[in-house]
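**Q** Attaching a predicted model along with its sequence, questions to come.
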Amino acid sequence: MSGVRQVTISAEEADQRLDRWLRRMHPQVNQGHIEKMCRKGEIRVNGGRAKPATRLEAGQVVRLPPIAEAAERGQPVPHVQKITEADAGMIRAAVLYRDDDIIALNKPPGLATQGGSGQVRHVDLLADALRFGREDKPRLVHRLDRDTSGVLLLGRSARAAAGLAKAFSARSARKVYWAVVAGRPSPERGTIRTGLVKAPGAAGEKMLVVEADAVEATEGAKRAVTDFAVIDAAGNRASWVAMSPVTG
């Protein structure tokens, strides 16, 4: 068991939630235990009480109580899943771009972004193979549905990940999706206004389309607005379309 510690937040660790920062250091400590320590005032930031969602700043001092290992608390030790050489090679081959701050990944369809019920192979796990000499693995900053292919951005440091996450939440990051569709849309430029709702299924949750006039009456449905434009077309058989989501 480790004793009480005073940990100074570095510039690289800044702008993270307290709970996420702590779980990276002590993956055996679950969220419920972190919340309990915060409620009891055992975890403090610059001498004051803190919440799990408290954003840390460079130079702040976090007081951590003695943190027992999982086995000492009678809790099961988390199983650390190993990445196969084949999966490591696959995820590295999917890298489209890499610099000191970000990695742009070509996520294939069928690969989940994060773990969940029945998900034992996902980007968050495979990101361990994308360190490229760094001590920490890159961090997810947004998600793509499992069956959706597309560019997924990861931050190579806590600071880069926080900056990317802010850009997505503030919608200052412009998203453009390309799709090949059957037929030729008419008009060739416009806005699609409909709705989406999550629906359970045998293979996990799926997003289903809800007609615009039925969104208010459908529990859990949210409005979805997307601008589109036809880039090119093969007669009336198929079209290459660019789409930019306005609502998500």
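**A** Happy to help now that I have it.

**Q** and L125, that's in a strand?
**A** No. Per DSSP: H, G, I helix; E, B strand; the rest coil, L125 lies outside any strand segment and is helix.

**Q** if I read this right, it contacts I83, doesn't it?
**A** Yes. With contact defined as CB atoms under 8 Å, L125 reaches I83; the gap is 6.8 Å. Every residue, glycine included, has its C-beta placed from N, CA and C.

**Q** more crowded one of these two?
**A** Neighbours around L125 and I83, counted as other CB atoms under 10 Å, are more numerous at L125. The numbers are 19 against 16.

**Q** tell me the pLDDT at the more buried one?
**A** Note on L125: pLDDT of 88.

**Q** If you count residues, where's the longest strand of the chain?
**A** Scanning the chain for the strand with the most residues, using DSSP state E, yields strand 222-234.

**Q** which SS state does R171 fall under?
**A** What three-state DSSP gives for R171 is coil.

**Q** need the contact list for K107.
**A** K107 makes contacts with 94, 113, 123, 144, 148-152, as judged by CB atoms under 8 Å, 6 or more residues apart in numbering.

**Q** Quick one, which of those residues are buried?
**A** Among the contacts of K107, those buried by neighbour count (16 or more other CB atoms under 10 Å) are 94, 113, 123, 144, 148, 152.

**Q** And the furthest pair within these?
**A** Spanning the widest gap among the buried ones among the contacts of K107 are A94 and T148, at 14.1 Å by CB to CB.

**Q** need the strands for the chain, in chain order.
**A** Taking DSSP E as the criterion, the chain carries its strands at 5-8, 44-45, 48-49, 61-64, 95-98, 102-107, 139-140, 150-155, 177-182, 189-199, 206-210, 222-234, 238-245.

**Q** Hmm, A238 and A179 touching each other?
**A** No. Taking CB under 8 Å as the definition, A179 is not a contact partner of A238, at 10.4 Å.

**Q** Looking at the two, which is more packed in?
**A** Set side by side, A179 and A238 show more neighbours around A238, with 14 against 10, by other CB under 10 Å.

**Q** Point out where the chain drops to low pLDDT.
**A** For the chain, the stretches with pLDDT under 70 are 1-2, 12, 68-81, 116-119, 201-205, 248.

**Q** same thing but at 50, please
**A** Within the chain, the segments meeting pLDDT under 50 span 1, 69-74, 77-78.

**Q** Near the residue nearest to R44 when sequence neighbours are not counted, how many other residues are there?
**A** Distances taken as CB to CB, 6 or more residues apart in numbering place R63 nearest to R44, at 4.2 Å, with adjacent residues excluded. Residues lying near R63 (other CB under 10 Å) number 17.

**Q** Could I get the CA-only coordinates of stretch 175-191 as CSV?
**A** The C-alpha coordinates for stretch 175-191 follow below in CSV (Å, rounded to 0.1, in the frame of the first residue of the first chain):
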residue,chain,number,x,y,z
LYS,A,175,-16.4,17.3,-40.3
VAL,A,176,-16.8,16.1,-43.8
TYR,A,177,-17.9,12.6,-44.7
TRP,A,178,-17.7,11.1,-48.2
ALA,A,179,-20.1,8.4,-49.4
VAL,A,180,-20.8,6.6,-52.6
VAL,A,181,-24.6,6.3,-53.0
ALA,A,182,-26.9,4.6,-55.4
GLY,A,183,-28.6,6.9,-57.9
ARG,A,184,-28.1,10.7,-58.2
PRO,A,185,-29.6,13.0,-55.6
SER,A,186,-31.9,15.7,-56.9
PRO,A,187,-31.3,18.5,-56.0
GLU,A,188,-27.5,17.9,-56.0
ARG,A,189,-27.0,20.2,-53.0
GLY,A,190,-29.1,20.7,-50.0
THR,A,191,-29.9,19.8,-46.3
